[in-house]
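Undergrad: here you go, sequence then predicted model.
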Amino acid sequence: MSAAARQRWWIGLSIAVVVGAGLWWLLSGEYVDEDVPWPDNPALTTESFHMAGRWLKANGFDTRNLTHLQELDTLSTTGSLLIIHDDLGRQSEIESTQLGDWLSRGGKLLAVAPLGSGTSEHAAHNPYNIRRCPFCLLDSSDDAEAPQDQSGERRPQEPAYQRWSTNGHRLKLRSLATLEAQTWPATVTRWSSDRDRVIFARYTHSGGEVTLLADRRWLGNWELLDADHAAVLLALVDDDIERVYLQQRAGGGGLVSWLWRQAPLLWTLAALLLALWIWSKLVRLGPTLEEDATTGLQFREQLLASARFDWRHNRGHQLLRALRETHFDRLLCRYPDWRQLDRAARLQHLARLCPDLSEEALTWFMDLRNFDHHKQLQDFVRIHQQLMHVL
């Protein structure tokens, strides 16, 4: 079996295995029909705080959406509140610097407390190491409104209900998390639920003000409709706030992200140049054209065009192989035992056939396997022509 036949056989076998595995997966799988709700407003699936922004706007606040935090220096901090998407401390270095500048100019920030033990990455704007503790309310079963299963016990991963008294109202929240800190300094203002668990914390930092939440879902599109979360959102916005900036989604940081936003034309041109470069490297073989005797194209020009094409697409590898096969067949006719000769004997025969060539040139001629430069192609063809002339 030839190499080409073996290659076709392996390709066919691979395709058969892939197709067989796909059919087995389709036929052996179990399918369940499940209705997936898809809102008419696509912003509900792409913007985490879309309903929060509409609710604030309906209550007289000027709301503006942000996709990243790298242009906060152009926004006014007077009477403004910034609500960020990610936990405080998960921002990139550039976004963290922008948040620091926002606070230093007296801006107010509303964010979710970081999860974990409060590592150094969270300490930039969280000097008191305040963190949220998920599932800290699982051991509390004294709330009669907590969801229960058929046995009367609360489901382990169902959020618990707790109440928060503010401005003469007792608001109900649904959450699994609370806020914790190693020590609560007097400079941190805390709001606790009826279970004596801290759910909000506020402190001044770098001239600004930071408010931390125990749960992001209180501001989410779907959770905002539950319990009294909409009233909680209004209670967190101070009376002196006129404008609210909402980061609807997490924006990437770094030079590439900055260039993507600042210079979109640059990426278009780069994609166009990449497409042109790929197109230039492809082998373009058009339809066979009939020979036109009136063109006057010389055979030398055709030969040079073929050589340029071969050099451009495979560095002359096919031409080198063809030349080797040609002079090998001639040498085999001249010396029938050429296959059995060792290297030294072959060099002796070549030296007798081409006495004007040095031993180094003949050795290079025998050992060359790939052209690194077009000059090598010229030297190889010259020796080949001389060898063919004497054979």
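TA: Now that the structure is in, tell me what you want to look at.
Undergrad: low-confidence ranges in the stretch 1-150 of the chain?
TA: Where the stretch 1-150 of the chain drops to pLDDT under 70, the residues are 1-4, 36-39, 116-123, 138-150.
Undergrad: cutoff 90 now
TA: The model of the stretch 1-150 of the chain has pLDDT under 90 over residues 1-14, 22-50, 66-74, 85-98, 114-129, 132-150.
Undergrad: please enumerate the strands of it.
TA: Here the stretch 1-150 of the chain has its strands, by DSSP state E, counting those that start in this stretch, at 62-66, 80-83, 108-112, 131-133.
Undergrad: and the ones you listed as JSON lines, adding distance to residue 49?
TA: Any C-beta I mention is one placed from the backbone N, CA and C, and that applies to glycine too. Below are the strands of the stretch 1-150 of the chain laid out as JSON lines (distance: least, CB to CB, whole Å):
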{"stretch": "strand 62-66", "distance to residue 49": "8"}
{"stretch": "strand 80-83", "distance to residue 49": "6"}
{"stretch": "strand 108-112", "distance to residue 49": "10"}
{"stretch": "strand 131-133", "distance to residue 49": "18"}
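Undergrad: columns mean neighbour count and distance to residue 268 on top of these, output as JSON lines?
TA: Below are these laid out as JSON lines (neighbours: other CB atoms under 10 Å; distance: least, CB to CB, whole Å):
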{"stretch": "strand 62-66", "mean neighbour count": "16", "distance to residue 268": "24"}
{"stretch": "strand 80-83", "mean neighbour count": "24", "distance to residue 268": "32"}
{"stretch": "strand 108-112", "mean neighbour count": "23", "distance to residue 268": "35"}
{"stretch": "strand 131-133", "mean neighbour count": "21", "distance to residue 268": "42"}
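Undergrad: next, count neighbours for residue 216.
TA: Other residues near residue 216 number 19, with proximity taken as other CB atoms under 10 Å.
Undergrad: same thing with the one 5 residues further on?
TA: The burial count assigned to residue 221 is 20, neighbours taken as other CB under 10 Å.
Undergrad: contacting residues for the residue nearest to it when sequence neighbours are not counted?
TA: Leaving aside its chain neighbours, residue 221 sits nearest to residue 51 (4.5 Å; criterion: CB to CB, 6 or more residues apart in numbering). Counting by CB atoms under 8 Å, 6 or more residues apart in numbering, residue 51 touches 44, 220-221, 224-225.
Undergrad: what segments of the protein are helices?
TA: Along the chain, counting by DSSP state H, helices occupy 3-28, 43-46, 50-58, 93-104, 229-236, 255-262, 264-281, 299-314, 317-334, 343-353, 359-367, 374-390.
Undergrad: please save the CA atoms from the shortest one in PDB.
TA: The C-alpha atoms that make up helix 43-46 are tabulated as PDB, following Å, rounded to 0.1, in the frame of the first residue of the first chain:
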ATOM      1  CA  ALA A  43     -31.300  44.500  28.000                       C
ATOM      2  CA  LEU A  44     -32.600  42.400  30.800                       C
ATOM      3  CA  THR A  45     -30.100  39.700  29.900                       C
ATOM      4  CA  THR A  46     -27.200  41.900  29.000                       C
END
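Undergrad: for it, packing partners?
TA: helix 50-58 (3 or more CB pairs under 8 Å, 6 or more residues apart in numbering; DSSP states H and E).
Undergrad: and for the fifth one?
TA: Packed against helix 229-236, as judged by 3+ CB pairs under 8 Å, 6+ apart, are the following elements: helix 50-58, strand 169-175.
Undergrad: out of everything not next to it in sequence, what's closest to residue 374?
TA: Of all residues not flanking residue 374 in the chain, residue 311 sits nearest, at 6.3 Å (CB to CB, 6+ apart).
Undergrad: quick check: that neighbour touching residue 377?
TA: Yes - the criterion here is CB atoms under 8 Å, and residue 311 meets it with residue 377 at 7.0 Å.
Undergrad: what is in contact with these two at once?
TA: Taking CB under 8 Å, 6+ apart as the contact definition, residue 311 and residue 377 share the neighbouring residues 319, 371.
Undergrad: which residues does the residue of the chain most remote from its centre contact?
TA: Within the chain, residue 352 marks the point farthest from the mean C-alpha position, 64.0 Å out by CA atoms, centre = their mean. Contact criterion CB under 8 Å, 6+ apart gives no residues in contact with residue 352.
Undergrad: residue 387 versus that one, what's the distance?
TA: According to CB to CB, to the nearest Å, residue 352 and residue 387 sit 12 Å apart.
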